[in-house]
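Asks: turn this into a structure:
(one chain, ligands or ions: 1)
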Amino acid sequence: MIRELTLIFIFLFAFNFMSPIKSQHIISKSFYDTYDRYKESSLNDRRFKHSDILPIIEKMKSKKIFEIVKIGESLEEREINLIKIGNGSITVLAWSQMHGDESTATGALFDLLNFFSSDDEFNDFRKDLLNKVTLYFIPMLNPDGAERFTRRNALQIDLNRDALRLEFPESKALKNAHEMIKPVFGFNLHDQSTRYSAGISFKTATISFLTPPFNYEKEINDVRTKTMQVIVDIYNELNQYIPGHMAKYSDDFEPRAFGDNFIKWGTSSVLIESGGWKNDEEKQFIRKINFIALLTGFQTIANGYYESEDIQDYYNIPDNDKLIFDLLLRNLKIKFDNKFYTIDIGVNLDEFNTADKEDGYFKGFIEDIGDLSIYHGYKDIDCEGMEVIPGNTAPAILESENDLTPVQAVELLKQGHTFVRVKNLSKDASHTTLPINLISDDEMSGDIEVENDANFIIKQNGQIKYVILNGFLFNPRINGYSIKNGLIFR
Ligand SMILES: [Zn+2]
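Replies: As a prediction, the model looks like this:
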């Protein structure tokens, strides 16, 4: 008996001794559960501007934990700030919104600032982390682009092609920050198309990673290896929240891009691209995932957990593929010369800025027709037994847009009309908030052709089952509609 107990004791002792498997020390679930506490509530959609983040930065200046310095100004003289947190020996630089319309991670950086300046049960965690790493954040590197909600800066320059020439002040600010900090690790934070899928799966690539190459041969050195290992830890951790919804971004070498040059300059820089997530148009859930991804990255960097990861696990992450439509309608019948053929229709919605850049509107178009069975849709409908026909023009002619209420527009949709004639259309508007398209005198029909605007009717046994209005799906049997806008054709 004593011998058995001794054996058990030895076994337990040995097990205890061996058990610290490094990656298991990463904490994320408790941050995931308490995230709302830290979410910067003054930012709650994608379209915020420099003037929205300045008061937050001003507020942060009063907190002793942060050192905030202005590191430059944009072409239009909007200040670019660098925020320092911690005093550890391992330096980490994270920058966001180099592309002005890619704002998801900027929100997450401010959430992290709230996290680091909070006083709660994670105090020990923060203290330990910030003794090991020093974090530097540059939220919104391209404020002029954010002002217009465009990728490029005020002179229409893609700053991510200016890492060699360093012609523009925003690029210089980032390069100077790099020279000043000489970060060991970097996080290069972007948004990608919401229509990427994780490999050949039907899952959206909600987060894509990349270890950028430093030459055309895509050679691997120590700097890249560490980047891959950090990504493996983030990937594994996020997999519990967005299982299968992650991929790798294209690793083609781009000599002019910052990510690639950071690697060249000796910084293990992780590219994180925020993609799409169903019913998360404003990407607030993906922002939370960024928050978790970065906190995970900081932990593995601070504690060296990544060192035990196998880079093969990085290569095993599926590549970005493009197998997602915004709307996919399967198995429709279409009539041609009195004969029916089966087709699928893939519809996508592209977003454009309104003239005042304050908001966005959508143009829905037919991306593809035919056998689309290898694809998936955010909205994905089997239309077996249904027929597709072009949308048509309502018989009435209105004097002005104001003569039509949304309720009346919905009634027209229910009758299969996707266009209504308006005599006095406003001169320059390109869209209407009415759930119908407005046209000048001539009649229009929504021909079912590739690249055409998506305005068509789906019928079953002679009844209208769905109306596709400017790419948006309308179901006449359900009250209300989710059509964001119609278009104006002249
Ligand atoms: Zn980008």
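
Asks: wait, Cys172 touches Leu166, no?
Replies: For residue 172 the amino acid is Lys, not Cys. Yes - applying C-beta atoms under 8 Å as the test, Lys172 and Leu166 come out as touching, 5.5 Å apart. Placement of C-beta: from N, CA and C, glycine included.

Asks: tell me the confidence at the residue of the stretch 151-300 of the chain found nearest the ion?
Replies: When scored by C-beta to the ion, the stretch 151-300 of the chain has His190 as its residue closest to the ion, at 3.4 Å. Model confidence at His190, given as pLDDT, is 98.

Asks: did I read that right, it in a helix?
Replies: No - counting by DSSP: H, G, I helix; E, B strand; the rest coil, His190 is not found in a helix; it is strand.

Asks: quick one: neighbours of it, just the number.
Replies: 21 (other C-beta atoms under 10 Å).

Asks: same thing with Glu73?
Replies: 15.

Asks: with Ser430 instead?
Replies: That count, for Ser430 with other C-beta under 10 Å as the rule, works out to 15.

Asks: my read is that Ser96 contacts Ala105, right?
Replies: Yes - using C-beta under 8 Å, Ser96 is in contact with Ala105, at 4.2 Å.

Asks: quickly list what's touching both of these two.
Replies: Leu189 (C-beta atoms under 8 Å, 6 or more residues apart in numbering).

Asks: higher neighbour count, those two?
Replies: Between Ser96 and Ala105, counted using other C-beta under 10 Å, Ala105 has the larger neighbour count: 31 against 28.

Asks: contact partners for that one?
Replies: Counting by C-beta under 8 Å, 6+ apart, Ala105 touches 94, 96-97, 189-191, 272, 274, 287, 290.

Asks: I'd assumed it was in a helix, is it?
Replies: Yes - Ala105 sits within a helix when classified using three-state DSSP.

Asks: if we ignore the residues flanking it in sequence, what's nearest it?
Replies: Spatial nearest neighbour of Ala105, chain neighbours left out: Leu189 (3.4 Å); criterion: C-beta to C-beta, 6 or more residues apart in numbering.

Asks: quick one: the helices in this structure?
Replies: 2-18, 29-34, 50-61, 104-116, 123-132, 143-148, 169-181, 222-238, 258-264, 284-303, 311-315, 406-414 (DSSP state H).

Asks: check whether the fourth one comes near the ion.
Replies: Looking back up the chat, that one is helix 104-116. No - if you take C-beta under 5 Å from the ion as the test, helix 104-116 misses the ion, and the best it gets is 10.0 Å.

Asks: hey, C-alpha coordinates of that helix in CSV?
Replies: Taking Å, rounded to 0.1, in the frame of the first residue of the first chain, the C-alpha atoms of helix 104-116 are listed here in CSV:
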residue,chain,number,x,y,z
THR,A,104,-11.7,47.7,-37.4
ALA,A,105,-8.4,47.5,-35.5
THR,A,106,-8.3,51.1,-34.6
GLY,A,107,-11.3,50.5,-32.4
ALA,A,108,-9.6,47.5,-30.9
LEU,A,109,-6.4,49.6,-30.1
PHE,A,110,-8.6,52.0,-28.1
ASP,A,111,-10.3,49.2,-26.4
LEU,A,112,-6.9,47.9,-25.4
LEU,A,113,-5.9,51.3,-24.0
ASN,A,114,-9.1,51.2,-21.8
PHE,A,115,-8.1,47.7,-20.8
PHE,A,116,-4.6,48.7,-19.8
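
Asks: show me the domain layout of the protein.
Replies: The chain breaks down into these domains under automatic domain parsing: 21-321, 325-489.

Asks: deepest in the core, which of the ones you listed is it.
Replies: Most buried of those, by mean neighbour count (mean count of other C-beta atoms under 10 Å): domain 21-321, with a mean of 19.

Asks: returning to what we had before: which one of the helices of the chain has the lowest average pLDDT?
Replies: helix 2-18 (a mean of 51).

Asks: and the helices of the chain: which comes nearest Phe336?
Replies: Closest approach to Phe336 among those (C-beta to C-beta): helix 406-414, 25.6 Å.

Asks: that older thread, show me what contacts the residue of the stretch 151-300 of the chain closest to the ion?
Replies: Residues near His190 by C-beta under 8 Å, 6+ apart: 98-99, 102, 105, 271-274.

Asks: likewise for Asn437?
Replies: Going by C-beta under 8 Å, 6+ apart, Asn437 touches 418-420, 444, 453, 455, 469-470, 486-489.

Asks: can you do 7 Å?
Replies: Neighbour list for Asn437: 418-419, 455, 470, 486-487, 489 [criterion: C-beta atoms under 7 Å, 6 or more residues apart in numbering].

Asks: could I get the helices of the chain as CSV with distance to Ser400?
Replies: Output for the helices of the chain, formatted as CSV (distance: least, C-beta to C-beta, whole Å):
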stretch, distance to Ser400
helix 2-18, 78
helix 29-34, 51
helix 50-61, 35
helix 104-116, 39
helix 123-132, 59
helix 143-148, 30
helix 169-181, 44
helix 222-238, 51
helix 258-264, 50
helix 284-303, 37
helix 311-315, 59
helix 406-414, 13
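
Asks: and these: which comes nearest Leu43?
Replies: When the helices of the chain are ranked by proximity to Leu43, the top entry is helix 104-116, at 4.8 Å, counting by C-beta to C-beta.

Asks: and that closest one, how far out from the chain's middle?
Replies: Chain-centre distance of helix 104-116: 15 Å, with C-alpha atoms, centre = their mean, to the nearest Å.

Asks: do the same with stretch 188-208
Replies: 8 Å.

Asks: over to stretch 36-48?
Replies: That offset, for stretch 36-48, works out to 15 Å (C-alpha atoms, centre = their mean).

Asks: per-residue pLDDT, Lys363?
Replies: 98.

Asks: roughly how far does it sit from the ion?
Replies: Distance from Lys363 to the ion, counting by C-beta to the ion, to the nearest Å: 22 Å.

Asks: show the pLDDT at the closest residue in space to that residue that isn't next to it in sequence.
Replies: Distance criterion C-beta to C-beta, 6+ apart; nearest residue to Lys363, sequence neighbours excluded, is Asp350 at 5.3 Å. At Asp350, the pLDDT value in this model is 97.

Asks: Met1 too?
Replies: On pLDDT, Met1 comes in at 51.

Asks: sorry, back to before: so the residue nearest to Ala105 sits against Leu93, correct?
Replies: No - in this structure, Leu189 is not within contact of Leu93 by C-beta atoms under 7 Å, at 10.9 Å.

Asks: enumerate the residues of the stretch 1-150 of the chain near the ion.
Replies: Residues of the stretch 1-150 of the chain lying near the ion by C-beta under 5 Å from the ion: 99, 102.

Asks: shouldn't Ile85 be in contact with Lys63?
Replies: No - counting by C-beta under 7 Å, Ile85 sits too far from Lys63 to count as a contact (9.7 Å).

Asks: roughly how far apart are Thr432 and the ion?
Replies: Applying C-beta to the ion to Thr432 and the ion gives a distance of 31 Å.

Asks: next up, the contacts around that residue.
Replies: Neighbours of Thr432 in contact, by C-beta under 7 Å, 6+ apart: 401, 438, 485-486, 488.
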